[in-house]
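Student: Need a 3D model of the sequence below.
(one chain, ligands or ions: 1)
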Amino acid sequence: MKNLYFLLLLFLFGCSENTPPPATFGPLPSEAQLAWQQMEFNAFVHFNMNTFTNMEWGTGGESPEQFNPSALDCRQWAKVCKDAGMQGIILTAKHHDGFCLWPSALTEHSVKNSPWKNGQGDVVRELADACKEYGLKMGLYLSPWDRNHADYGKPEYLDYFRGQLRELLTNYGDLFEVWFDGANGGTGWYGGADEERTVDRQNYYDWPTTNALVAELQPNAVIFSDAGPGVRWVGNENGFAGETNWSPLRRDEFYPGSPNYKELTEGHADGTHWIPAECDVSIRPGWYYHPEQDTAVKSLAQLVDIYYHSVGRNGLLLLNLPVDTRGLVHEADARQLQRLGEVIRADFSKDLTAGKKITASDERGKNFTAKNALDGNPETYWATGDSVLSASVEVDFGETTTFNRLMLQEYIRLGQRVDSFRVFIFKNEKWEPLASGTTVGYKRILRLENQTAEKVKIEFEAKAPLCISKIGLFEAAEHGN
Ligand code: FUL
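Tutor: Presented below is the predicted three-dimensional model:
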């Protein structure tokens, strides 16, 4: 009788059990950072004066007369990007040479004095409209370095820079990202002075004031720079995040253009702020269009490799398209981008774990069972008990199954926790080690040789209880170059 009573109590307790989620761990992402990370794959567009002078860095002494696209069509850019599965486009509204793609009221060095549309055109406006039409988000690059402006290097230039920023942040609708380049200071035209101007990169720009302006006028936009505060440069221009990639960063050790940028590739396990990595890379050797590079567009194999080293390593891929002198994404680039989009879609078209049996060595409670990692819902997750920092999970296909991709995701709203994992397959009646990795974060994908097994086991080690929102296994097909 006593036993029965006890069982009843246990049953009632079980029904009403509502285990709280694990406590948060370390720095956490903001809503804007979360929305940004979920975009995964965006376009960078380098199109500006350099397109017409066939340069990478204009001197600032160019004439607006030189800017004259023959068939500019931002809708074509948007369509190409949308078809490839990209979510947003970031345009170089002003590059280091200072020419403005919008008719800024603060300078004569802009489209308003160009022959294009008799000075009546506005590329930023056309892109904003095209993005809206195609359901893409827009971001803008505004170079802090300005080799055209007479005041560059003096305090007065900051009023100009922030005035331009204000124009861009208030006239073109919602922006998802504002991009501040770390390259700044050096030789330039500077209103005719033609000299070298070095700046104190850490202090000259007074970044906190500029960042506050962005936060005030575009609260949902993330700010990109070597130091964030929204998202960080990945520390190289190959599009590769580190195998280990922490979104937390000891932010205060960096500023745009800081010399310790190589640390940005991996972030810091003991980072103080959440500043995820953005992997920017161009589809061609140059950022800008050069006709001689029409035959140097990256191969499909290179692009796929970049995808797996960026999105597959807890980064966001920002793939640059150098729009040509017509004002169009060149056919060669459009074709490669389309092929890349097809590969990404095909590789992850069928999750082999869907509906399969999953068991874990530890579960926090009924709201946090391992099943949550297979339900396709990014808001549910498998979590372990308060002091359980290492745990394993087994997926049982119920039959021999072939796979060659493993996708893992952490529930990053509560912080980044996993610092290593090992993968095993059950074959010939025993567990065999297959692969291992370090961090997971928002998303980690392993590319594997074809494996045929009945069961897969993953062992995790973490800095705090596990919060795993996805375990996916896929069979990707072979593809060409
Ligand atoms: C660099 C710039 O100097 C390049 O011209 C390009 O804009 C690249 C994305 O960032 O720092």
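Student: So for the single nearest residue of the chain relative to the ligand, what's the nearest residue that isn't a sequence neighbour?
Tutor: Across the chain, the shortest distance to the ligand (Cβ to the nearest ligand atom) belongs to residue 183, at 3.6 Å. All C-beta atoms are positioned from the backbone trio N, CA, C, and that covers glycine. Ranked by Cβ to Cβ, 6 or more residues apart in numbering and with sequence neighbours excluded, the top spatial neighbour of residue 183 is residue 145, at 6.3 Å.
Student: so what's the one you found up against?
Tutor: Residue 145 is in contact with 96, 152, 181, 183, 184, 185, 186, 188, counting by Cβ atoms under 8 Å, 6 or more residues apart in numbering.
Student: what does residue 309 give?
Tutor: With the criterion set at Cβ under 8 Å, 6+ apart, residue 309 makes contact with 239, 240, 241, 279, 315.
Student: phi, psi of the fourth one?
Tutor: The reference is to residue 279. phi -100, psi 100 (degrees, to the nearest 10).
Student: quick one: which of the contacts of residue 145 is nearest residue 330?
Tutor: Set against residue 330, the nearest of the contacts of residue 145 by Cβ to Cβ is residue 96 (22.9 Å).
Student: Can you tell me the SS state at the closest one?
Tutor: coil (DSSP: H, G, I helix; E, B strand; the rest coil).
Student: which ones are touching it?
Tutor: Contacts for residue 96 (Cβ under 8 Å, 6+ apart) come out as 57, 58, 60, 143, 145, 146, 147, 181, 183, 184, 188.
Student: Which ones among those residues lie within strands?
Tutor: residue 188 (DSSP state E).
Student: for the longest strand along the chain, packing partners?
Tutor: Scanning the chain for the longest strand, with DSSP E as the assignment, gives strand 390-410. The contact analysis (3 or more Cβ pairs under 8 Å, 6 or more residues apart in numbering; DSSP states H and E) places strand 390-410 against strand 357-360, strand 418-427, strand 444-462, strand 467-474.
Student: now with 7 Å?
Tutor: With contacts defined as 3 or more Cβ pairs under 7 Å, 6 or more residues apart in numbering; DSSP states H and E, the packing partners of strand 390-410 are strand 357-360, strand 444-462, strand 467-474.
Student: List the buried residues in it.
Tutor: Across strand 390-410, burial judged by 16 or more other Cβ atoms under 10 Å covers 391-397, 401, 403-410.
Student: Tell me the strands beside it, with direction?
Tutor: According to DSSP bridges, strand 390-410 forms sheet pairs with strand 357-360 (antiparallel), strand 444-462 (antiparallel), strand 467-474 (antiparallel).
Student: Give the phi and psi angles for the residue most central in space within the chain, as a check.
Tutor: In the chain, the C-alpha nearest the mean C-alpha coordinate belongs to residue 316, at 2.0 Å (Cα atoms, centre = their mean). When read as degrees, to the nearest 10, the backbone of residue 316 gives phi -110, psi 140.
Student: Who does it form a beta bridge with?
Tutor: Residues in beta-bridge contact with residue 316 (DSSP bridges): residue 278.
Student: How about the contacts made by it?
Tutor: 36, 37, 39, 40, 42, 278, 279, 310 (Cβ atoms under 7 Å, 6 or more residues apart in numbering).
Student: can you check residue 307 too?
Tutor: Contacts of residue 307 by Cβ under 7 Å, 6+ apart are 317, 340, 344.
Student: The last one contacts residue 85, doesn't it?
Tutor: Pointing back at residue 344 there. Yes: Residue 344 lies in contact with residue 85 (Cβ atoms under 7 Å); the separation is 6.0 Å.
Student: Quick check: end-to-end length of stretch 426-442?
Tutor: Start-to-end span of stretch 426-442 (Cα to Cα, to the nearest Å) is 27 Å.
Student: Fine, thanks again, bye for now.
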